[in-house]
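S.K.: here is my input; please provide its structure:
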Amino acid sequence: MPKEEIAYQNKDIISKIFAENMKNKSLRAYGLDVPDIVRALPTNLPVIAANELRMDNLFLLADGSLAIIDYESIYRKENKIKYLGYESRVIERYYKENRVFPKLRVIIIYTADVTHRQTENILDVGNLQLKISEAFLSELPSDEIKVKIDTKIKTGIVLTEEEMMEFIILPLTCKGRRAQKEEIKKSVDLTQYIRNEEILVFLLSGLLVFTDKVIDAETAAYIRRRISMTKVGMIFEEERIRDIKAATKAATKAATKAATKAATKATAKATAERMLRAGKLSVKEIADYIPGMTVGEVEKIQKELLQKA
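M.R.: Below you'll find the model as predicted:
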């Protein structure tokens with residue numbers, strides 16, 4: 001299964017659950033000194049190129065700024081071009097919706113495969129400068145965090161907000177894809193001890209969203225099944241089904257209306273053609289006789305008949 005399919009199939013439910021639970025969360029657990037998250041925003045922005053990648057996350061922060069967050073396991077200087085593309089698309093949509101330009105932050109969270117010495121956080125090309133806020137998971141005390149979280153969950157102690165944020169990013173504190181995938185499975189297994197459904201769903205949805213670049217199809221499907229079996233997951237699934245039904249009903253109604261309008265217009269045109277061929281009424285009289293028909297439309301039909309003659 002393609003990586004993009006793993007990351008985004010059924011993501012409408014997962015993203016909605018994740019967004020609901022990201023309200024008022026802090027990124028300080030990752031070493032980032034930025035305002036708290038107000039809510040997650042949709043990432044389906046206007047596409048500039050058909051092969052352009054989708055950004056990982058877009059958040060509204062407490063100071064009104066928008067934070068574009070991406071996760072990288074390799075540092076590439078040319079990725080800054082990708083980030084500029086994200087920025088232009090966010091600006092485009094935000095300006096269309098609000099008629100003002102947003103204050104943007106680009107935040108890159110590097111997995112343990114990247115260290116501080118390998119990166120440059122500024123792109124300066126003269127009249128344009130991009131400044132990136134970087135977080136390095138290699139600098140987190142991952143073993144200490146792992147023991148603390150494992151102990152608290154297994155003994156039934158509720159995790160703090162900061163510990164929940166550490167939990168969902170913990171697999172990416174390992175070096176290498178294999179180790180990260182193994183840690184994801186361990187994290188998923190650990191959730192069996194959690195009895196609070198809201199916390200369980202947040203941790204699972206966060207784990208799926210934050211690790212979607214390294215997670216395998218089997219584990220991703222397992223997480224989605226776990227979420228769907230909870231009451232929270234069922235509620236969101238019911239909402240999704242209602243939305244689909246409402247959208248289908250609206251589309252059917254619009255299609256029926258359009259078809260009726262087209263049929264009425266075709267009938268009016270055929271009536272006008274018959275009356276013009278009879279030659280007993282003027283263009284204005286025909287327009288007055290047929291509901292919704294204008295003099296200009298009758299004249300156009302008359303011109304078409306003359307051209308066919």
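
S.K.: which residue ranges of the stretch 51-200 of the chain form helices?
M.R.: Counting by DSSP state H, counting those that start in this stretch, the stretch 51-200 of the chain forms helices over residues 79-98, 142-154, 161-169, 177-190, 197-210, given from the N-terminal end onward.

S.K.: low-confidence ranges in the chain?
M.R.: Across the chain, the stretches falling below the confidence threshold (pLDDT under 70) are 1-16, 44-54, 231-249, 251-252, 254-256, 258-259, 263, 309.

S.K.: ranking the helices of the stretch 51-200 of the chain by burial, who's on top?
M.R.: helix 197-210 (a mean of 22; mean count of other Cβ atoms under 10 Å). Just so you know, the C-beta spots here come from the backbone N, C-alpha and C atoms, and that holds for glycine as well.

S.K.: how about the CA coordinates for that one, as CSV?
M.R.: Written as CSV, here are the backbone C-alpha positions of helix 197-210 (Å, rounded to 0.1, in the frame of the first residue of the first chain):
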residue,chain,number,x,y,z
GLU,A,197,-11.6,6.6,26.4
GLU,A,198,-11.0,10.3,25.6
ILE,A,199,-7.3,10.0,26.6
LEU,A,200,-7.0,6.7,24.7
VAL,A,201,-8.5,8.2,21.5
PHE,A,202,-6.3,11.3,21.7
LEU,A,203,-3.1,9.2,22.2
LEU,A,204,-4.0,6.8,19.4
SER,A,205,-5.1,9.5,16.9
GLY,A,206,-2.0,11.6,17.8
LEU,A,207,0.3,8.7,17.3
LEU,A,208,-1.2,8.0,13.9
VAL,A,209,-1.1,11.6,12.7
PHE,A,210,2.4,12.4,14.1
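
S.K.: tell me where the stretch 201-309 of the chain has helices.
M.R.: Taking DSSP H, counting those that start in this stretch as the test, the helices found in the stretch 201-309 of the chain are 217-228, 231-278, 283-289, 295-308.

S.K.: could you list the residues in contact with the shortest one?
M.R.: Outside helix 283-289, the residues that touch it by Cβ atoms under 8 Å, 6 or more residues apart in numbering are 272, 275-276, 281, 293-295, 297-299, 302.

S.K.: out of those, which are buried?
M.R.: By neighbour count, with 16 or more other Cβ atoms under 10 Å, these hold 272, 275-276, 293, 297-298 as buried.

S.K.: quickly name whichever of those is closest to residue 113.
M.R.: Taking Cβ to Cβ as the measure, residue 297 is the one of the buried ones among the contacts of helix 283-289 closest to residue 113, at 67.2 Å.

S.K.: please parse the chain into its domains.
M.R.: Residue ranges of the domains in the chain are recorded as 7-229, 238-308, according to automatic domain parsing.

S.K.: quick one on the thing from earlier: now distance to residue 64 too, for the helices of the stretch 51-200 of the chain, in JSON lines please.
M.R.: JSON lines is the format used below for the helices of the stretch 51-200 of the chain (distance: least, Cβ to Cβ, whole Å):
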{"stretch": "helix 79-98", "distance to residue 64": "11"}
{"stretch": "helix 142-154", "distance to residue 64": "31"}
{"stretch": "helix 161-169", "distance to residue 64": "22"}
{"stretch": "helix 177-190", "distance to residue 64": "33"}
{"stretch": "helix 197-210", "distance to residue 64": "23"}
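
S.K.: who does residue 132 bridge with?
M.R.: Judged by DSSP bridges, the bridge partners of residue 132 are residue 106.

S.K.: tell me if I'm right that it and residue 121 touch.
M.R.: Yes. Because the distance of 4.4 Å satisfies Cβ atoms under 8 Å, residue 132 is recorded as touching residue 121.

S.K.: more neighbours: which of those two?
M.R.: Regarding residue 132 and residue 121, a neighbour count based on other Cβ atoms under 10 Å identifies residue 132 as having more, with 18 against 13.

S.K.: still on that earlier bit, residue 230: which of the helices of the stretch 51-200 of the chain is closest?
M.R.: Go through the helices of the stretch 51-200 of the chain one by one with Cβ to Cβ and the one that ends up closest to residue 230 is helix 197-210, at 4.9 Å.

S.K.: any idea which of the buried ones among the contacts of helix 283-289 is closest to residue 57?
M.R.: Taking Cβ to Cβ as the measure, residue 297 is the one of the buried ones among the contacts of helix 283-289 closest to residue 57, at 51.9 Å.
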